[in-house]
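*Asks:* sequence and computational prediction follow.
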Amino acid sequence: MSPEDLSIVSMVRNAGPMVQFVIYLLLAFSITTWAIIFTKYVYIRRAFKESGNFIEYFWKTRDFSNAFAKAKEFKNSPVARIFRNAYMELRKMNRPGSQEPDNPDFIANVESIRRTLNRSRSMETIRMVQMVPFLATTGNIAPFIGLFGTVWGIMNAFRAIAVQAGSTSLSAVAPGVSEALVATAAGLAVAIPAVMGFNYFTQKIRIIESEMESFSNDFISIVENESRRQQSRES
């Protein structure tokens, strides 16, 4: 058997139909995994950066209208989007007599804004985690798909020994063993990046979720405190 016959391409080309199916299936998983990793990396990176920039600007200006205008520039920021939703809800409910802390309308308005923030956070979380579970699924099942190909390749090796009247020479067992090794390597090559990508994105998403939760609580506190100050000036 020549060295060319032991190359990866040759081993895949000369493998049995079942092992080829396993390898091509893993290749499809690999292409999809890397596409998701690239897409989510760009999205999460922009979301992480722009959210930090928006929060920094928000605390510098401390003016809702200016922050609302600036938030439109941060199109990839989940924090900016939940602020825009909350601010529009606040403007919709900002009517005379409803901004006093003891007024039932004010309490209802604050709860409505809180629900808007919670709903917006949930939508942003769903948007961020889209396609990420596929990485976890791939990381879990790819080694077992490769193991299936490994078992099938070993079976072919034993079948070759039986066909050649018990011969255990390298030429008899090499094709089946090579199929098994390629399937094992392919399964690991697909699973490792998928698991690493899943862990990375999960960590970043948790950080952004924490930022959204903190910002939501701060926004509600600002609304309540501003209303109390207005009441004190009017009294």
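*Replies:* Yep, it's here.

*Asks:* show me what the helix or strand in which Lys60 is found is packed up against.
*Replies:* Assessed by DSSP states H and E, Lys60 sits inside helix 17-61. Packed against helix 17-61, as judged by 3 or more C-beta pairs under 8 Å, 6 or more residues apart in numbering; DSSP states H and E, are the following elements: helix 64-71, helix 78-93, helix 104-129, helix 132-163, helix 170-234. No exception for glycine: its C-beta is placed from N, CA and C like everyone else's.

*Asks:* if we use 10 Å, what do you get?
*Replies:* Other helices and strands packing on helix 17-61, by 3 or more C-beta pairs under 10 Å, 6 or more residues apart in numbering; DSSP states H and E, are helix 8-13, helix 64-71, helix 78-93, helix 104-129, helix 132-163, helix 170-234.

*Asks:* I'd like to know which of those is closest to Phe54.
*Replies:* Closest approach to Phe54 among these is made by helix 78-93 (4.4 Å; C-beta to C-beta).

*Asks:* let me know the pLDDT of the residue nearest the centre of the chain.
*Replies:* In the chain, the residue lying closest to the centroid (C-alpha atoms, centre = their mean) is Val132, at 3.5 Å. Reading off the per-residue confidence, Val132 sits at a pLDDT of 94.

*Asks:* distance check, it against Tyr200.
*Replies:* Distance from Val132 to Tyr200, counting by C-beta to C-beta, to the nearest Å: 10 Å.

*Asks:* identify the contacts common to those two.
*Replies:* Overlap between the contact sets of Val132 and Tyr200, as judged by C-beta atoms under 10 Å, 6 or more residues apart in numbering, is given by 37, 40, 44.

*Asks:* excluding its backbone neighbours, what's nearest the second one?
*Replies:* The shortest distance from Lys40 to any non-neighbouring residue, by C-beta to C-beta, 6 or more residues apart in numbering, is to Phe201 (5.5 Å).

*Asks:* likewise Thr125?
*Replies:* Closest residue to Thr125 in three dimensions, ignoring its sequence neighbours and counting by C-beta to C-beta, 6+ apart: Glu209, at 6.0 Å.

*Asks:* and what of Arg127?
*Replies:* The nearest residue in space to Arg127 (C-beta to C-beta, 6+ apart) is Pro78, at 7.5 Å.

*Asks:* got a list of what the one you found touches?
*Replies:* For Pro78, the residues meeting the contact criterion (C-beta under 10 Å, 6+ apart) are 47-48, 50-51, 54, 120-121, 123-125, 127-128, 205, 208-209, 211-212, 215.

*Asks:* returning to what we had before: go through the shared contacts of Val132 and Tyr200 and say which is closest to Ala194.
*Replies:* Lowest distance from Ala194 to the shared contacts of Val132 and Tyr200 (C-beta to C-beta) belongs to Ile37, with 8.1 Å.

*Asks:* please report how far the closest one lies from Arg127.
*Replies:* Relative to Arg127, Ile37 is positioned 17 Å away (criterion: C-beta to C-beta).

*Asks:* cool, and Val42?
*Replies:* Val42 sits at a distance of 14 Å from Arg127 (criterion: C-beta to C-beta).
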